[in-house]
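**Student:** Curious how this folds, go ahead:
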Amino acid sequence: MVRYVHHQLAAIVEVGVAVAVTAPVVLGVRGLPQAESRNVLPLLCILGASALFGLMAVSTRSRWLIGEKRDFESAVPLTDPEAILPTPRESMRRSFAGPFVVFVALVSLVFGLLWGPWAFGWALFFVPDRIVKGVYVFFWERRNGVLLWYGKVEQQPLSKGQFLYSSPRIATPG
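**Tutor:** Residues are numbered from 1 along each chain as shown. The predicted structure is shown next:
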């Protein structure tokens with residue numbers, strides 16, 4: 001089980017790691033690309049759209065818009081938070097997904113080698129979405145006075161695939 005905010009932060013780090021690993025390989029093989037000022041506006045529009053979709057995902061209840069707000073609001077309380085909750089450090093460690101890093105790195109490598117040297121950065125479009133979601137949920141947690149968790153808890157089998165919450169006052173070591 002991981003804290004939702006930690007999951008979003010870890011995804012940003014995962015994308016950064018994948019791009020940092022892929023960039024030297026692609027730029028070493030394809031060479032440095034020429035910077036063109038006419039490509040900046042479409043790039044900013046795409047990054048803005050990513051942030052907008054992230055905001056819509058966490059701030060709406062609509063299933064059609066992949067809204068997660070309904071899931072946050074229907075979160076169930078943890079029955080025994082002291083025994084179940086990981087430490088903050090453990091939550092961050094569990095949030096990091098190695099297979100996602102490998103997937104993003106391989107796709108970035110293929111895009112960069114086949115389409116052009118700038119294509120290795122396609123994964124950066126995950127970042128505005130994850131930043132917006134993480135910030136929104138951070139303030140949602142503060143407003144509601146809870147910490148939002150996601151994951152499987154053996155002690156609460158009915159909560160599988162559902163968000164759980166705990167009080168932020170519970171002291172966790174670490």
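**Student:** quick one, longest helix in this protein?
**Tutor:** Longest helix in the chain by number of residues (criterion: DSSP state H): helix 4-30.
**Student:** Can you report phi and psi for the closest residue to V26 other than its chain neighbours?
**Tutor:** If the residues on either side of it in the chain are set aside, V26 comes closest to G112, at 3.4 Å by CB to CB, 6 or more residues apart in numbering. Bear in mind the C-beta positions are built from the backbone N, C-alpha and C, glycine included. Backbone torsions of G112, given as degrees, to the nearest 10, read phi -70, psi -40.
**Student:** coming back round to it: by contact count, what packs against the first helix or strand past the longest helix of the chain going along the chain?
**Tutor:** Remark: after helix 4-30, the chain's next helix or strand is helix 40-59, criterion DSSP states H and E. With contacts taken as 3 or more CB pairs under 8 Å, 6 or more residues apart in numbering; DSSP states H and E, helix 40-59 sits against helix 69-73, helix 126-144.
**Student:** residues of helix 40-59 that come out buried?
**Tutor:** Using 16 or more other CB atoms under 10 Å as the test for burial, helix 40-59 gives S50, A51, F53, G54, L55, M56, A57, V58.
**Student:** Only alpha carbons, please: show that helix as PDB.
**Tutor:** Extracted C-alpha coordinates of helix 40-59, given in PDB (Å, rounded to 0.1, in the frame of the first residue of the first chain):
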ATOM      1  CA  VAL A  40       8.000  25.600 -29.000                       C
ATOM      2  CA  LEU A  41       4.300  26.600 -29.200                       C
ATOM      3  CA  PRO A  42       3.000  23.100 -30.100                       C
ATOM      4  CA  LEU A  43       5.200  21.600 -27.400                       C
ATOM      5  CA  LEU A  44       3.800  24.100 -24.800                       C
ATOM      6  CA  CYS A  45       0.200  23.300 -26.000                       C
ATOM      7  CA  ILE A  46       0.700  19.600 -25.500                       C
ATOM      8  CA  LEU A  47       2.200  20.100 -22.100                       C
ATOM      9  CA  GLY A  48      -0.700  22.300 -21.100                       C
ATOM     10  CA  ALA A  49      -3.100  19.800 -22.400                       C
ATOM     11  CA  SER A  50      -1.400  17.100 -20.300                       C
ATOM     12  CA  ALA A  51      -1.800  19.300 -17.200                       C
ATOM     13  CA  LEU A  52      -5.400  20.100 -18.100                       C
ATOM     14  CA  PHE A  53      -6.300  16.400 -18.500                       C
ATOM     15  CA  GLY A  54      -4.600  15.700 -15.200                       C
ATOM     16  CA  LEU A  55      -6.700  18.400 -13.500                       C
ATOM     17  CA  MET A  56      -9.900  17.100 -15.100                       C
ATOM     18  CA  ALA A  57      -9.000  13.500 -13.900                       C
ATOM     19  CA  VAL A  58      -8.800  14.500 -10.300                       C
ATOM     20  CA  SER A  59     -11.400  17.200 -10.100                       C
END
